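Colleague: structural data only, the sequence is not supplied:
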């Protein structure tokens with residue numbers, strides 16, 4: 001019966017066709033769903049958040065280290081309370097990658113230039129992992145991916161046209177150069193041997209090449225805010241180089257050719273011109289106060305130049321009159337009588353110079369000359385209906401005191417008050433001689449330097465003959481300290 005049953009099935013074309021069709025349908029079903037995981041195979045499901053799905057669709061690969069470990073099961077938008085919208089991707093991964101370590105990052109990358117994407121997971125060494133059904137936070141989605149169209153959009157129309165022309169020209173240059181390229185590649189063998197230790201050094205951890213690229217990225221991030229300014233700078237450089245192209249030959253070419261011999265000459269002569277350069281630096285250091293003063297005097301200088309421009313047309317007529325004047329001055333200067341008079345005047349000035357040097361401070365410092373004329377003018381400043389009279393002040397000593405200062409004295413002034421009249425001891429004590437015939441007038445050789453005349457302090461109860469003790473200062477009447485600076 002068994003043999004008959006099996007033979008009946010095998011001998012029935014209908015049953016063979018049905019079994020074959022079922023097997024084909026099952027194979028097609030399994031092949032179609034292979035990207036979504038085979039049935040009855042254990043899996044590991046987690047979700048990730050990304051700022052932008054970037055055309056990521058269900059069925060796209062999920063890779064770790066370039067190896068496919070699962071696929072994107074679903075992609076849906078997520079709204080946040082602040083109004084921002086991000087994307088959430090549900091992943092179905094192989095069980096052998098369970099769990100994904102905490103701190104791992106994800107990024108959406110391009111699989112081809114046609115727009116196909118995949119999700120890459122960069123694992124960390126963290127011992128803790130995300131359990132089944134967990135969700136990687138939005139902060140794990142970095143770095144920000146750069147799309148291919150964004151790269152192409154960095155070039156404007158003229159730039160793309162120029163790139164296309166460059167490719168055409170490079171193709172024309174390389175066309176028919178196969179043997180030459182082969183020979184060049186053969187010559188690169190020694191270079192590659194020397195390049196190997198260089199590459200080893202670059203790959204070494206001690207070189208810190210990774211830090212260099214991170215620093216370069218940080219530097220690029222720093223200049224990103226001024227990218228527009230740099231773009232304008234490059235546009236302006238095009239204008240600059242276009243202007244330089246017009247003078248490239250022969251001017252710039254000759255400059256480049258003459259630079260080496262010029263540097264050789266500078267090397268030979270620099271020891272000799274170093275002294276000149278030091279003196280030049282000292283000169284400019286001395287000129288700095290004058291340059292700073294120009295800030296204040298520039299308006300006056302400009303006014304003088306404007307006035308000079310107005311009178312400059314009259315300079316020719318003035319120049320025409322100068323020769324006779326110069327001739328007359330020359331005759332006057334060469335006259336023997338004039339020379340003798342100048343010699344006598346010089347001698348007179350030499351004789352008077354010490355005296356003027358000594359007497360001059362009495363006016364220049366102490367203002368005594370001006371005070372003399374002021375007081376002389378005020379001597380007759382008081383008058384009545386019939387004229388003016390001389391102003392004077394009668395100074396008299398107390399009557400009856402012996403040896404007072406205002407009348408002839410037969411003896412030195414009273415010092416102790418022993419020769420006093422009873423009841424008048426106080427007045428008698430004031431009868432002391434005070435005389436300063438040669439007060440200090442701030443002249444050379446006088447110490448202290450002071451304007452003593454008219455500024456002496458009256459020292460009661462003491463005889464003072466000569467200079468009063470102390471320094472009376474150099475401020476006299478009608479003077480202020482600001483005027484003395």
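Modeller: Ah, there it is. Everything numeric in this text was worked out from a predicted model, so none of it was measured.
Colleague: residue boundaries of the strands in the stretch 301-450 of the chain?
Modeller: Ranges of strands within the stretch 301-450 of the chain are 382-384, 387-389, 434-435, based on DSSP state E, counting those that start in this stretch.
Colleague: paired strands for the last one, with orientation please.
Modeller: When you say that, I think you mean strand 434-435. Paired with strand 434-435 in the same sheet, following DSSP bridges, are strand 464-465 (parallel).
Colleague: now do the partner strand: everything it contacts.
Modeller: 432-436 (CB atoms under 8 Å, 6 or more residues apart in numbering). Where you see a C-beta, it was placed from the backbone N, CA and C, and this is true even at glycine.
Colleague: returning to what we had before: just name the most buried of the strands of the stretch 301-450 of the chain.
Modeller: strand 434-435 (a mean of 12; mean count of other CB atoms under 10 Å).
Colleague: state the mean pLDDT of that one.
Modeller: For strand 434-435, mean pLDDT is 80.
Colleague: roughly how far does residue 261 sit from residue 255?
Modeller: 12 Å (CB to CB, to the nearest Å).
Colleague: residue 306: neighbouring residues, count only.
Modeller: Using other CB atoms under 10 Å, residue 306 has 9 other residues around it.
Colleague: look at residue 261 and residue 255 and report which has more neighbours.
Modeller: Using other CB under 10 Å as the criterion, residue 261 and residue 255 rank with residue 255 on top: 12 against 9.
Colleague: for the more buried one, give me its contacts.
Modeller: Per CB under 8 Å, 6+ apart, neighbours of residue 255: none.
Colleague: quick check: it vs residue 311, distance?
Modeller: Applying CB to CB to residue 255 and residue 311 gives a distance of 45 Å.
Colleague: on that earlier part again, redo the strands of the stretch 301-450 of the chain as TSV? Include distance to residue 351.
Modeller: Formatted as TSV, these follow (distance: least, CB to CB, whole Å):
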stretch	distance to residue 351
strand 382-384	42
strand 387-389	40
strand 434-435	32
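Colleague: quick one: closest of those to residue 192.
Modeller: Of all the strands of the stretch 301-450 of the chain, it is strand 434-435 that lies closest to residue 192, at 111.6 Å by CB to CB.
Colleague: neighbouring contacts of the closest one?
Modeller: Outside strand 434-435, the residues that reach it (CB under 8 Å, 6+ apart) are 405, 456, 458-459, 463-466.
Colleague: apply 7 Å and report the result again.
Modeller: 458, 464-465 (CB atoms under 7 Å, 6 or more residues apart in numbering).
Colleague: find the residue closest to residue 457 in space, skipping its chain neighbours.
Modeller: Nearest residue to residue 457, sequence neighbours excluded (CB to CB, 6 or more residues apart in numbering): residue 468, at 6.1 Å.
Colleague: quick one: residues contacting that neighbour.
Modeller: 436, 452, 456-457.
Colleague: hey, which helix or strand in this structure has the poorest pLDDT?
Modeller: None of the helices or strands of the chain scores lower by mean pLDDT, DSSP states H and E than helix 425-429, at a mean of 44.
Colleague: for the chain, what's the longest strand?
Modeller: Ordering each strand of the chain by length in residues (DSSP state E) puts strand 67-79 first.
Colleague: and that one, which strands flank it?
Modeller: By DSSP bridges, strand 67-79 pairs with strand 61-64 (antiparallel), strand 85-94 (antiparallel).
Colleague: how far does it sit from the chain's center?
Modeller: Relative to its chain's centre, strand 67-79 lies at 52 Å (CA atoms, centre = their mean, to the nearest Å).
Colleague: how about it: buried residues?
Modeller: By neighbour count with 16 or more other CB atoms under 10 Å, strand 67-79 contains the buried residues 69-73, 75.
Colleague: circling back: looks to me like the residue nearest to residue 457 is in a strand.
Modeller: No: secondary structure of residue 468 (DSSP: H, G, I helix; E, B strand; the rest coil): coil, not part of a strand.
Colleague: now render the contacts of residue 468 as CSV, adding distance to residue 130 and secondary structure.
Modeller: CSV is the format used below for the contacts of residue 468 (distance: CB to CB, whole Å; DSSP: H, G, I helix; E, B strand; the rest coil):
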residue, distance to residue 130, secondary structure
436, 107, coil
452, 101, coil
456, 103, coil
457, 99, coil
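Colleague: now, which of those sits nearest residue 355?
Modeller: residue 452 (19.8 Å).
Colleague: might you report the residue contacts of that closest one?
Modeller: Contacts of residue 452 (CB under 7 Å, 6+ apart): 439-440, 467-468, 472.
Colleague: if we use 8 Å, what do you get?
Modeller: Contacts of residue 452 by CB under 8 Å, 6+ apart are 436, 439-441, 467-468, 472.
Colleague: including distance to residue 181, could those residues go into JSON lines?
Modeller: As requested, those are exported to JSON lines (distance: CB to CB, whole Å):
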{"residue": "436", "distance to residue 181": "113"}
{"residue": "439", "distance to residue 181": "109"}
{"residue": "440", "distance to residue 181": "104"}
{"residue": "441", "distance to residue 181": "104"}
{"residue": "467", "distance to residue 181": "109"}
{"residue": "468", "distance to residue 181": "110"}
{"residue": "472", "distance to residue 181": "104"}
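Colleague: closest one of those residues to residue 291?
Modeller: Using CB to CB, residue 441 comes nearest to residue 291 of those, at 41.4 Å.
Colleague: neighbours of the spatially closest residue to the closest one that is not a sequence neighbour, how many?
Modeller: Nearest non-adjacent residue to residue 441, counting by CB to CB, 6+ apart: residue 362, 4.2 Å away. For residue 362, the count of nearby residues is 18 (other CB under 10 Å).
Colleague: ok, now residue 451?
Modeller: 24.
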